[in-house]
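[1] A predicted structure for the sequence below; I have some questions about it.
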Amino acid sequence: MTKPKVLISDKMDPNAARIFAEMGCDVDVITGKTPEELKAIIGQYDGLAIRSSTKVTKDILEAATNLKVIGRAGIGVDNVDIPAASAQGVVVMNTPFGNSITTAEHAIALMFALARQLPEADLSTQAGKWEKNRFMGVEVTGKTLGLIGAGNIGSIVASRALGLRMKVVAYDPFLTPERAIEIGVEKADLDTLLAKADFITLHTPLTSETRNILSRENLAKTKKGVRIVNCARGGLIDEAALKDLLDSGHVAGAALDVFETEPAKESPLFGTPNFICTPHLGASTTEAQVNVALQVAEQMAEFLTTGGVTNALNMPSLSAEEAPKLKPYMALAEKLGALVGQLVGDSVKKIAIEVEGAAAQLNQKPITAAVLAGLMKQYSQTVNMVNAPFLAKERGLDVREVRHEREGEYRTLVRVTVGTDEGEKAVAGTLFGNGQPRLVEIFDIAVEADLDGDMLYIVNTDAPGFIGSIGTLLGQSNINIGTFHLGRRQAGGEAVLLLSVDSPVSDEVLAKAKTLNGVRLVKALKFA
Ligand SMILES: NC(=O)c1ccc[n+]([C@@H]2O[C@H](COP(=O)([O-])OP(=O)(O)OC[C@H]3O[C@@H](n4cnc5c(N)ncnc54)[C@H](O)[C@@H]3O)[C@@H](O)[C@H]2O)c1
Ligand SMILES: O=C(O)[C@H](O)COP(=O)(O)O
C-alpha cells in the first residue's frame, strides 16, 4: 500500500515530521511558499499541516485534488476556507487545547507589561536615561478584569487573574451561570463589563458577531484609564478608534498580539505612547509548539492510516478504537445508500437511517454519512463521507436517524428508507461472519445478496421458466453470472432477482431483458 503523503507548509516543531514518519506517512516540510507555489505542489498531498501563515483558500483547495485532511497545529482556523474544504470532502481538524495555557500566559504577560510600562521602561533604561520618575504603574490586585470570551483561554486567564486577586467579570453569551460560578467569574452583559473593567482581555474567535466587538462606540463606553489586551484575533478591535482613544488618554494602554492585517508591517498604532505589541506570539512557547505539533501529526496520521477522526471541525469524531468497528458498517451503509440511489434516482426527498441491535451500540453519525455518500455518489463524483451531510443539507434532503437497541431478526441491521414521490421504499443489510456486508431486504422483499461490482436487478412476475430465459439471454450475450439471488412477495406474485455478473450489461441486453415474459423492471447496478 502506498503511504499517505503529507505536506507541512508552516514552521512547526520537528516532532510533527517525526510523528508523521513514525505513523506511516511520507512527509515533506516546505515552508514559505507563495499561494501560486503552493498551488503548484498541493495536488500531490493527502494531508496538509499548517499554522496560521498558510492561507487555505478555495483556489488552493481546487488544486488539492488528492487532499483528505487539513490539520491546524493550533486553534484558530480562520485561515482555512472550511465551507470550501467541506464541499470538497476534506476534513479540517485543529488542536483546541495545545496552546491555550501559553496564550493565556501571554495575555497575562501583556497585562503586566501595560500595568508597569515594561517595554518603554526597558527602552529608556537601556538608552542610559534612568527615568525613575517617568514611569508610574498600577497594581492589578483588587482591579477588575473584563473577559470578552470565556472559553478555553478565557477561563485560564480568569484562573490566573483570580490568583492575582483580581475580580473577573465575563461577557460570553454561551457561558452558563453554572460554568461562571465554576470558573469564579461574574457573568455580565457587554455594557456592564465595559463600564466596570480596569483591564479588558479578548478571547473570542473572529466571527460576524465578534468582528469589531470593541468598536469606536463600545470603546467609548469603557472606563477612563482602561487597559486592553488582545491575544485572540485581529478584527475584534477598531484599530483606528483605539489609536484615537490612546492619544486622548481615555485608554491608558493597549497591547495587541494580533492585528486586522497580518503580518502587520505598518500600523497607525505603531509609536503611540502606551501601545505595545507582539507579532502573533500568543502560542509561541516551546511547550505549546511541541504540544500542537505532536497532536496535529498524531490526529492527521491516524485519520490517513486508520480513518480515526479527532477534533474535526466539519465531521463527527471517530476514535481510533471506534474506526475499525465502524468500518464494515460504513461499507454496508455506503452500499445500501448506493443501492437506493441507483434504484430510485434523485427523486429522494427524505431519508431515514435506522440502526438495530449491535449497530445501535455504535456512533451513528459516520453510518449516516456513509449512507448519504453512497446515495449521492450516483450524481456527484466528488461526494464522500465529509461532504455528504453538507450536500444533503444543501439539496434540502430531510435526514432522520433512528436507533433501535433491541435485536430484530438479525443480530445487527442497518435499514435505509427513502421517501419519494411514489411513497416510502426501504432496503436493509447486515454484517455476516467477519464483517461482510450483506443485503437482506429490498423494498419489503427478503433477498440476501452481496452488493459488489456489476449487478442486474430484475422485478418480474413469479412464473416457471423465467430463470431459464434470463440465464439463456445472458449466456447468449456472453455475460457470465457470478451469483444469483431470488426473493418474492408470494408465490406467483412480485419477485426480485439480483444477479452479479462478470461484465457490464449493455443497453441492448437490458432492452432484450425487458421484453422477457413477466418482466416489470430491469436495471443494471454497479457497486464499488
Ligand atoms: N494569539 C495567539 O497566538 C492565539 C493562540 C491561541 C488562540 N488564539 C485565539 O484565541 C481565541 C480564543 O481561543 P479559545 O481556545 O479560548 O476558544 P474557545 O472556543 O474555547 O473560546 C471562545 C469563546 O468565545 C465565546 N464567544 C463566541 N462568540 C462570542 C461573542 N459574540 N461574544 C462573546 N463571546 C463569544 C465562545 O462562547 C467561547 O466561550 C481564538 O480566536 C483563537 O484563535 C490566539
Ligand atoms: O489560533 C491559534 O492557535 C494561534 O493564533 C496561534 O497561531 P500560530 O500557530 O500561527 O502561532
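    On my side now, so go ahead. Ligands and ions are numbered 1, 2, ... in the order given.

[2] quick one: the helix or strand bottoming out on mean pLDDT in the chain to chain centroid distance?
    Within the chain, no helix or strand scores below helix 388-394, which has a mean of 86 by mean pLDDT, DSSP states H and E. A distance of 14 Å separates the centroid of the chain from that of helix 388-394, by CA atoms, centre = their mean, to the nearest Å.

[3] summarise which helices and strands that helix is packed against.
    With contacts defined as 3 or more CB pairs under 8 Å, 6 or more residues apart in numbering; DSSP states H and E, helix 388-394 has these neighbours: helix 82-87, helix 364-376, strand 398-404. Glycine gets a C-beta too; all of them are placed from N, C-alpha and C.

[4] and the first one, how far from the chain's centre?
    Put plainly, it is helix 82-87. 9 Å.

[5] now do stretch 165-177
    For stretch 165-177, the distance to the chain centre is 28 Å (CA atoms, centre = their mean).

[6] let's have the chain start at 12 instead
    Shifting the count to begin at 12 puts that one at stretch 176-188.

[7] give me the contact status of that stretch with ligand 1.
    Yes - residues of stretch 176-188 are located near ligand 1 by CB under 6 Å from any ligand atom, namely 182, 183, 184, 185.

[8] turn those residues into a markdown table, including neighbour count and secondary structure.
    Shown next, in a markdown table, are the residues of stretch 176-188 next to ligand 1 (neighbours: other CB atoms under 10 Å; DSSP: H, G, I helix; E, B strand; the rest coil):
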| residue | neighbour count | secondary structure |
| --- | --- | --- |
| 182 | 24 | strand |
| 183 | 22 | coil |
| 184 | 10 | coil |
| 185 | 9 | coil |
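
[9] just to revisit the earlier point, weakest of the helices and strands packed on helix 399-405 by average pLDDT?
    Ranked by mean pLDDT, these bottom out at helix 93-98, which scores a mean of 88.

[10] what is the subsequent helix or strand relative to it?
    The helix or strand immediately downstream of helix 93-98 is strand 102-105, counting by DSSP states H and E.

[11] helices or strands up against the helix or strand harbouring residue 442?
    Using DSSP H and E, the element containing residue 442 is strand 434-443. In terms of contacts (3+ CB pairs under 8 Å, 6+ apart), strand 434-443 is packed against helix 333-355, strand 423-431, strand 447-453.

[12] of these, which is nearest residue 525?
    Proximity to residue 525, assessed across these by CB to CB, is greatest for helix 333-355 (15.8 Å).

[13] which positions in that closest one come out as buried?
    For helix 333-355, a neighbour-count test (16 or more other CB atoms under 10 Å) marks 333-334, 337-355 as buried.

[14] in whichever helix or strand comes after that helix, what counts as buried?
    The helix or strand immediately downstream of helix 333-355 is strand 361-368, counting by DSSP H and E. Neighbour-count burial for strand 361-368 flags 362, 363, 364, 365, 366, 367, 368 (criterion: 16+ other CB under 10 Å).

[15] next, the angle strand 409-415 makes with strand 361-368.
    Orientation check (axes from the mean of the first three to the mean of the last three CA atoms, to 10 degrees): strand 361-368 against strand 409-415 gives 10 degrees.

[16] could you tell me the angle between strand 361-368 and helix 375-387?
    Going by the same axes, to 10 degrees, strand 361-368 makes 130 degrees with helix 375-387.

[17] distance from the chain centre to strand 361-368, please.
    23 Å.

[18] what residues does that strand touch?
    344, 351, 373, 375, 378-379, 382-383, 386, 403, 408-419, 421-430 (CB atoms under 8 Å, 6 or more residues apart in numbering).

[19] try it again with 7 Å
    By CB atoms under 7 Å, 6 or more residues apart in numbering, the residues outside strand 361-368 that reach it are 375, 378-379, 382, 408-415, 418-419, 421-430.

[20] over to stretch 151-158?
    Taking CB under 7 Å, 6+ apart as the rule, stretch 151-158 contacts 122, 126, 165, 168-169, 172, 175-181, 196, 204, 207-212, 214.

[21] ok and the residue in the stretch 112-261 of the chain nearest ligand 1?
    residue 162 (1.9 Å; CB to the nearest ligand atom).

[22] mind listing what that residue touches?
    By CB under 7 Å, 6+ apart, residue 162 lies in contact with residue 214.

[23] and it, how far from residue 115?
    11 Å (CB to CB, to the nearest Å).

[24] now do residue 410
    On the measure of CB to CB, residue 410 and residue 115 end up 39 Å apart.

[25] what of residue 270?
    According to CB to CB, residue 270 and residue 115 sit 20 Å apart.

[26] now do residue 536
    On the measure of CB to CB, residue 536 and residue 115 end up 57 Å apart.

[27] and these two? which has more neighbours close in?
    residue 115 (24 against 20; other CB atoms under 10 Å).

[28] which parts of the stretch 12-161 of the chain are helices?
    26-33, 46-53, 69-74, 93-98, 111-126, 129-137 (DSSP state H, counting those that start in this stretch).

[29] how about the residues of this structure that lie near ligand 1?
    86-87, 110-111, 114, 159-165, 182-185, 214-216, 218, 220-221, 242-244, 268-269, 291, 293-294.

[30] taking those one by one, which sit in strands?
    159, 182 (DSSP state E).

[31] among the residues of the chain next to ligand 1, which ones are buried?
    Buried by 16+ other CB under 10 Å: 86-87, 110-111, 114, 159-165, 182-183, 214-215, 221, 242-244, 268-269, 291, 293-294, out of the residues of the chain next to ligand 1.

[32] show me which of those residues neighbour ligand 2.
    Among these, ligand 2 is touched by 86, 87, 110, 291, 293, 294 when using CB under 6 Å from any ligand atom.

[33] for the fifth one, which residues are in contact?
    Yep, that's residue 293 we're talking about. 114, 117, 242, 268.

[34] isn't the second one up against residue 268?
    Yes - taking contacts as CB atoms under 7 Å, residue 117 lies within contact range of residue 268: 6.3 Å.
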